[in-house]
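> Return a 3D structure for these sequence lines:
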Amino acid sequence: MFNILLDELPTEYEGFPIDSDFQIGIQIMQVLEDEELTQQEQMRTALSLLYISKDKKGNPMPLPDVQTAVDGVMWFLFGWNHDNNLREGGEKVTDWYIDQWRIYSAFRQQYGINLNDLGAECIGYKIYKTKLSPIYRENRMHFWEFMALLTTLQECAYTRVADIRDKKITGKMGKEERETYERLKRIYALKQSKTVEYTDEQKQAIDEYDIMIEEKKKIK
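Predicted coordinates:
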């Protein structure tokens, strides 16, 4: 089992290189929540985002079989969480589009991290000074570190809104308290996330993964 106190953050799954950037993790979660895509389209897109199909010289790299690839996506999204608190069917409390500024400002205020520009000013570089911390890959933040920091934020605008969305309205509440939470829940209610936008490179990677899947089907 992975231990941040002992191990370097992973950059591959079962020997296959992955893009561990926190923005990739966010995009994958957006894709898997996109109701305009079929489940097959969601997973196919997620796979193409996570797995690196070409090396630095542009040469093709081997990709995992479908089952291994899907297992890798689930591991990437949840492998950082060692608590037994992944709820099924619970209220969604975060939307990566609606909450973007609340999350961005919280990281700036509490950690001194600019999520839009993780270069030489990132907290990892300040701590280690002469070289980038192992928790950064090419000046970028690993998705697992991002989630660890996100889920341990001190009280801020983001955590207050998340708590309101997660709050259960019960009969034990007084009339004023119940009306207050009902009003706040309407204000911060989540709607469908904005459709994910991909770069030309990501679109090409999606097409290449589709081709690879089709070729494997022909071989079988």
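> Where does the prediction get shaky in the protein?
85-90, 118-139, 191-220 (pLDDT under 70).
> Strands of that one, start to end?
12-13, 16-17, 136-137, 140-141 (DSSP state E).
> any chance of those in JSON lines, with mean neighbour count and distance to A106 too?
(C-beta placed from N, C-alpha, C; glycine too.) Shown next, in JSON lines, are the strands of the chain (neighbours: other Cβ atoms under 10 Å; distance: least, Cβ to Cβ, whole Å):
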{"stretch": "strand 12-13", "mean neighbour count": "16", "distance to A106": "29"}
{"stretch": "strand 16-17", "mean neighbour count": "17", "distance to A106": "31"}
{"stretch": "strand 136-137", "mean neighbour count": "18", "distance to A106": "19"}
{"stretch": "strand 140-141", "mean neighbour count": "22", "distance to A106": "14"}
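> residues near the residue nearest to D163 when sequence neighbours are not counted, how many?
Leaving aside its sequence neighbours, D163 sits nearest to V93 (Cβ to Cβ, 6 or more residues apart in numbering; 7.9 Å). Using other Cβ atoms under 10 Å, V93 has 18 neighbouring residues.
> so where do the helices sit in the protein?
Listed in chain order, the helices of the chain (DSSP state H) span 22-33, 39-50, 66-78, 100-111, 123-128, 143-150, 157-166, 175-187, 200-219.
> Which one, of those, ends up nearest to D7?
D7 lies closest to helix 143-150 among these, at 10.7 Å (Cβ to Cβ).
> So which bits of that closest one are buried?
By neighbour count on 16 or more other Cβ atoms under 10 Å, the buried set for helix 143-150 is 143-147, 149-150.
> again, but for stretch 165-174
For stretch 165-174, by 16+ other Cβ under 10 Å, it's R165.
> how long is that stretch from one end to the other?
End-to-end distance of stretch 165-174: 19 Å, with Cα to Cα, to the nearest Å as the criterion.
> what does stretch 75-83 give?
Across stretch 75-83, first to last residue, Cα to Cα, it's 14 Å.
> Please shift the residue numbers so they start at 778 in all later answers.
Yep, numbering from 778; the last one is stretch 852-860 now.
> Run through who's touching that stretch.
With contacts defined as Cβ atoms under 8 Å, 6 or more residues apart in numbering, stretch 852-860 is touched by 778-779, 790, 795, 797, 802, 805-806, 827, 863, 920-921, 924-925.
> centre of the chain versus it, how much separation?
Relative to the centre of its chain, stretch 852-860 is centred 11 Å away, using Cα atoms, centre = their mean, to the nearest Å.
> And stretch 845-857, by the same measure?
With Cα atoms, centre = their mean as the basis, stretch 845-857 stands 11 Å off its chain's centre.
> Out of the helices of the chain, which gets nearest to L783?
Closest among those, using Cβ to Cβ: helix 920-927, at 14.1 Å.
> The closest one - contacts with which helices or strands?
Here helix 920-927 touches helix 799-810, helix 877-888, going by 3 or more Cβ pairs under 8 Å, 6 or more residues apart in numbering; DSSP states H and E.
> can you give me the angle that helix makes with helix 877-888?
80 degrees (axes from the mean of the first three to the mean of the last three Cα atoms, to 10 degrees).
> ok, and what's touching helix 920-927?
By Cβ under 8 Å, 6+ apart, helix 920-927 touches 781, 786-787, 797-799, 801-803, 853, 856-858, 880, 884, 888, 890, 912.
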